[in-house]
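K.L.:
have a look at this prediction, sequence included:
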2 protein chains.
Amino acid sequence: MYIHTFVLQMKLEQAIQSTKFKNEVQKASLNVLYTAWWLKSLVSKELKEFGLTHEQYNVLRILKGKYPDQMCVRDIAQRMIEQNSNVPRIIDRLEIKKLVKRSSSLADKRETVITLTQAGIAILESSTVVLDAVYLSQITISEVEASALNTLLEKLREKQ
Amino acid sequence: MYIHTFVLQMKLEQAIQSTKFKNEVQKASLNVLYTAWWLKSLVSKELKEFGLTHEQYNVLRILKGKYPDQMCVRDIAQRMIEQNSNVPRIIDRLEIKKLVKRSSSLADKRETVITLTQAGIAILESSTVVLDAVYLSQITISEVEASALNTLLEKLREKQ
DNA sequence: ATAAAATACATGTATATACATGAATTGAAA
DNA sequence: TTTCAATTCATGTATATACATGTATTTTAT
């Protein structure tokens, strides 16, 4: 079932066909959730041609941040955006595609250390070029506005 | 480490253990994704005691918006925040728990119309009381700030 | 030195997302 | 009127999320 009402510019009210919000805070929460979905869709659509999911890309990107050092599963999990991600299973898929290599740690035998392969580096680099271009063309807010957005999002999460 | 100097501004950086962002726009994207995850976790934790998932709650809430009118699956799907949600399957779970009732439409036999049961209304009302309280205590930004956040999020999605 | 607790990871289950396909039905065109 | 296209929904597959549990290993406490 596909409700692909493709939208160039869509306010939240149009997107979720709702105009009744209790207040601006409730609306902002829904808006954050919707925007996250919008962003994920944008990225996933591009990653599809590389045979990667959003989460698989995220793991490759995290590994690249330490390359050529290896990382254990726990190190990767701590850097994931969705912090309940089941990293071993995401690594399963990447290993099948030979984008990463698993081996057990010599220092601590409980740990599994993960290494990017050359194929992993290559696919990460070419997909990143595409993603950067998409971000540049689709997200047109200024650096100043993005900075204000960052401040407000952190304020939203800031329990006082 | 630099953690000492940036303590107040380190929220996202601490959360995903990363300090390297290409620019504020890229950081804002990650911040939106992380905040959405944070919000979902907050809500899911409360809904657990009602045996509901975030998405099941969302479907109940949408149905309540039209109650006592019925809605077909497509109507519900159009109002979902994550617009690729597989609504028939979410309704499966709600039906098992007897929170909604399925019947086929007389007007258009392709359609399945969904009705909230009294149990569905009851669980929605009691869970909403809890969620409202959690929002109130955990999200402390002002209406003015929330409004600014809404404006920036819609600007982020606005391709020009 | 040994037992108990904690850690790291794999794996199992339930649910959701993302997308494809098929069946039934409706609507439009020839 | 008959045929074909579009729609509504259920269902199948792959992957991910959320969480629980089991196993191996390391650390801590007795």
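P.N.:
In hand now; what should we look at?
K.L.:
can you give me the helices in chain A?
P.N.:
Along chain A, the stretches classed as helices by DSSP state H are A:12-15, A:24-47, A:54-66, A:73-79, A:87-96, A:118-138, A:143-157.
K.L.:
does chain B sit close to the lowest-mean-pLDDT helix or strand in chain A?
P.N.:
When the helices and strands of chain A are scored by mean pLDDT, DSSP states H and E, helix A:12-15 comes last with a mean of 83. Yes: residues of helix A:12-15 contacting chain B under CB under 8 Å from any CB of the partner chain: A:12, A:15. Placement of C-beta: from N, CA and C, glycine included.
K.L.:
now swap in stretch A:59-69 and tell me
P.N.:
Yes: Stretch A:59-69 is in contact with chain B by CB under 8 Å from any CB, via residue A:65.
K.L.:
now that stretch, how far from the chain's geometric center?
P.N.:
Mean-position distance between stretch A:59-69 and its chain equals 15 Å (CA atoms, centre = their mean, to the nearest Å).
K.L.:
what's that stretch in contact with?
P.N.:
The contact list for stretch A:59-69 (CB atoms under 8 Å, 6 or more residues apart in numbering or on different chains) reads A:52, A:71, A:75-76, A:79-80, A:87, A:90-91, A:94, A:99-100, A:114-116, A:120-121, A:123-124, A:128, B:18, B:20.
K.L.:
buried subset of those residues, written for ChimeraX?
P.N.:
To isolate the buried ones among these in ChimeraX, judged by 16 or more other CB atoms under 10 Å in any protein chain shown, type:
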select /A:52,71,75,76,79,80,87,90,91,94,99,100,114,116,120,121,123,124 /B:18
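K.L.:
check the contacts of stretch A:59-69 one by one and keep those near DNA strand D.
P.N.:
residue A:90 (CB under 7 Å from any atom of the strand).
K.L.:
quick revisit: what about the helices of chain A, which gets the closest to residue B:150?
P.N.:
With CB to CB, the closest approach to residue B:150 among the helices of chain A belongs to helix A:24-47: 5.4 Å.
K.L.:
for residue A:139, what are its contacts?
P.N.:
B:25, B:29, B:156.
K.L.:
I misspoke; the intended subject was residue A:25.
P.N.:
Contacts of residue A:25 (CB under 8 Å, 6+ apart): B:135, B:139, B:141, B:143, B:146.
K.L.:
residue in chain A nearest to chain B?
P.N.:
Proximity of chain A to chain B (CB to the nearest CB) peaks at residue A:36, 3.3 Å away.
K.L.:
any idea how far that residue is from residue A:121?
P.N.:
Here the criterion is CB to CB, to the nearest Å. By it, residue A:36 lies 28 Å from residue A:121.
K.L.:
how about residue A:12?
P.N.:
Distance, residue A:12 to residue A:121, using CB to CB: 39 Å.
K.L.:
next one: residue A:49
P.N.:
To residue A:121, residue A:49 is 18 Å away according to CB to CB.
K.L.:
skip the chain neighbours and tell me the closest residue to residue A:105.
P.N.:
Distances taken as CB to CB, 6 or more residues apart in numbering or on different chains place residue A:111 nearest to residue A:105, at 3.8 Å, with adjacent residues excluded.
K.L.:
wait, I meant residue A:87
P.N.:
Using CB to CB, 6+ apart and skipping the chain neighbours, the partner closest in space to residue A:87 is residue A:77 (4.5 Å).
K.L.:
got the contact list for the one you found?
P.N.:
With contact taken as CB under 8 Å, 6+ apart, residue A:77 is in contact with A:83, A:85, A:87.
K.L.:
redo that, cut-off 10 Å
P.N.:
Going by CB atoms under 10 Å, 6 or more residues apart in numbering or on different chains, residue A:77 touches A:59, A:62, A:71, A:83, A:84, A:85, A:86, A:87, A:88, A:90.
K.L.:
name the nearest of those residues relative to residue A:40.
P.N.:
Distance to residue A:40 across the contacts of residue A:77 (CB to CB) is lowest for residue A:85, with 13.2 Å.
K.L.:
and residue A:33, how many neighbours?
P.N.:
23 (other CB atoms under 10 Å in any protein chain shown).
K.L.:
what sits against it?
P.N.:
Residues near residue A:33 by CB under 10 Å, 6+ apart: A:12, A:16, B:32, B:35-37, B:39-40, B:43, B:54, B:58, B:81-82.
K.L.:
distance of it from residue A:16?
P.N.:
Counting by CB to CB, the separation of residue A:33 from residue A:16 is 9 Å.
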